[in-house]
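**Q** Give the three-dimensional model of this entry:
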Amino acid sequence: MIMKKVEIMDLFISEVDYALSVLTRKGNKNIPTDDSVDKSNRKKSINVMRVNHMGEVCAQALYRGQAFTTKDKGIREKLYEMCNEEKNHLDLCRERLDELGGNSSILNTAWYTSSFLLGCIAGVTSKKWGLGFIEETERQVSSHLDEYIEKLPDDDKRSREILNQIKVDEERHKESAREIGSRELPDQIKSSMSFFSKIMKNLSSKM
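**A** Predicted coordinates for the structure are as follows:
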């Protein structure tokens, strides 16, 4: 029993350390500003990429939270695998913000914490419901990417390329969840996820 508590504490400390590594990832201020985007359009691009960077922070937290509480070792390994793939998206969005001269959202700590707790809840549900949560998250992210790609200025080809690349990976993750037995979530839960996502995107684009 004592050993079990020690293992849980070690895992918790590991998660805190991981969260800090995500939230304190500093941009490279030495990256030259991308002059290919007109100054009048740059703010719009920064807002788009800030929201997407926030989304990748949340993705890290969702996967880690669900892996933290799930009892299925196979699902846990799959979640860690997806999380590692998503980390590349986080770096791409952070790098693009640097190129545009923008900053990440000051609310990212709050978003990470709430997303991690939501992932924990998904992790203690049945295997199929937990996987359904992943599938629905990826579906909504894919839809969000379509929306935000359209919001980019015509001259911001680099940001568009990054978001299209991320979209391909998100579609693959959605299919992975479906292949290993996800169950479609009730419409009420889907609507709630979409509602809170809109609030987060709106706030992150401004702060």
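**Q** where does the chain dip in pLDDT?
**A** Scanning the chain for pLDDT under 70 picks out the ranges 1-7, 26-35, 126-132, 173-196, 198-202, 205-207.
**Q** for it, what spans make up the helices?
**A** Per DSSP state H, the chain carries helices over the ranges 2-23, 39-69, 73-100, 108-123, 127-151, 157-179, 187-206.
**Q** what's the most buried one of the ones you listed?
**A** Ranked by mean neighbour count under mean count of other CB atoms under 10 Å, these are led by helix 39-69, which reaches a mean of 22. (C-beta placed from N, C-alpha, C; glycine too.)
**Q** what angle do that one and helix 2-23 make?
**A** With axes from the mean of the first three to the mean of the last three CA atoms, to 10 degrees as the basis, helix 39-69 and helix 2-23 are set at 170 degrees to each other.
**Q** Return the residues in contact with the closest residue to Tyr63 other than its chain neighbours.
**A** Spatial nearest neighbour of Tyr63, excluding adjacent residues (CB to CB, 6 or more residues apart in numbering): Cys83 at 4.0 Å. Applying CB atoms under 8 Å, 6 or more residues apart in numbering to Cys83 gives the contacts 59-60, 63-64, 67.
**Q** what two of those are the furthest from one another?
**A** Farthest-apart pair in the contacts of Cys83 is Ala59 and Ala67; separation 12.5 Å (CB to CB).
**Q** Tabulate the contacts of Cys83 (CSV), appending distance to Val48.
**A** Converted to CSV, those look like this (distance: CB to CB, whole Å):
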residue, distance to Val48
Ala59, 17
Gln60, 20
Tyr63, 23
Arg64, 25
Ala67, 29
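**Q** so Leu90 touches Arg25, yeah?
**A** Yes: with contact defined as CB atoms under 8 Å, Leu90 counts as touching Arg25 (7.2 Å).
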